[in-house]
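Enquirer: got a predicted structure here, sequence first:
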Amino acid sequence: MTNKELKIAYTEYDSVDQLEQVDKELVEAAIEATKTSYAPYSKFNVGAAIRLEDGMIVKGSNQENAAYPSGICAERTAMFYAGANYGDKAMTAIAVVASQNGIICPSPVSPCGACRQVMAEYQKKGGRPLAIILVGADKILRFSNVESLLPLIFDSI
Ligand code: THU
């Protein structure tokens, strides 16, 4: 028997101004995307923005439904849109932010397990690290790849 430990590396920022310009733009796009959220049940408006390898930005937001499980998170809306429309371009970064009553939530929003799994698959498909930027008004966390948020990824059958 061997006891092992996994470590997660990430960078924490106090403000969006500390980010590199490309990431700052991505965060701004994610904030913009919160405005298209359809969240009449949770009133938790999430926006996501994905950077593609050619620099293009694709946005998505959470879309809820009266049949609750039929709704979908902002991250998967954006990733599936990018996959469906620009499937030949790798996704290199995704920024996620949540707001309530038009105000950005203080703590960074953390993607659900299903979204992390989908991120893992698109990272593998793209063949490049997919950085994840979790945005809160008080702090921003940047992970340089999906493994950092989803260790021991399931990626084959
Ligand atoms: N949600 C997201 O869109 N992304 C996340 O990372 C966390 C949760 C959505 C799902 C649902 O519409 C609402 O937020 C409340 O859970």
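Expert: Thanks, I have the structure now. Residues are numbered from 1 along each chain as shown.
Enquirer: give the next helix or strand downstream of the helix or strand hosting Ala82.
Expert: Using DSSP states H and E, Ala82 falls within helix 74-85. Sequence order places strand 91-100 as the next helix or strand after helix 74-85, per DSSP H and E.
Enquirer: thought Gln63 was touching Tyr38?
Expert: Yes: using C-beta atoms under 8 Å, Gln63 is in contact with Tyr38, at 4.9 Å. C-betas here are computed from N, CA, C, even on glycine.
Enquirer: so between those two, which is more surrounded?
Expert: Between Gln63 and Tyr38, counting by other C-beta atoms under 10 Å, Gln63 is the more crowded of the two (17 against 13).
Enquirer: can you tell me which residues contact the more buried one?
Expert: Contact analysis of Gln63 by C-beta atoms under 8 Å, 6 or more residues apart in numbering lists 37-38, 71-72, 77.
Enquirer: among those residues, name the ones in helices.
Expert: Those of these mapping onto helices are Thr77, per DSSP state H.
Enquirer: just the buried residues from the contacts of Gln63, in ChimeraX please.
Expert: Selection of buried members from these for ChimeraX, criterion 16 or more other C-beta atoms under 10 Å:
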select :37,71,72,77
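Enquirer: of all the contacts of Gln63, which comes closest to Gln18?
Expert: Nearest to Gln18, judged by C-beta to C-beta, of the contacts of Gln63 is Ser37 at 25.9 Å.
Enquirer: what sits against that closest one?
Expert: For Ser37, the contact set (C-beta under 8 Å, 6+ apart) comprises 45-47, 61-63, 74.
Enquirer: which ones, among those residues, also lie beside the ligand?
Expert: Residues of these in contact with the ligand (C-beta under 6 Å from any ligand atom): 46, 62, 74.
Enquirer: many thanks, I have nothing further to ask.
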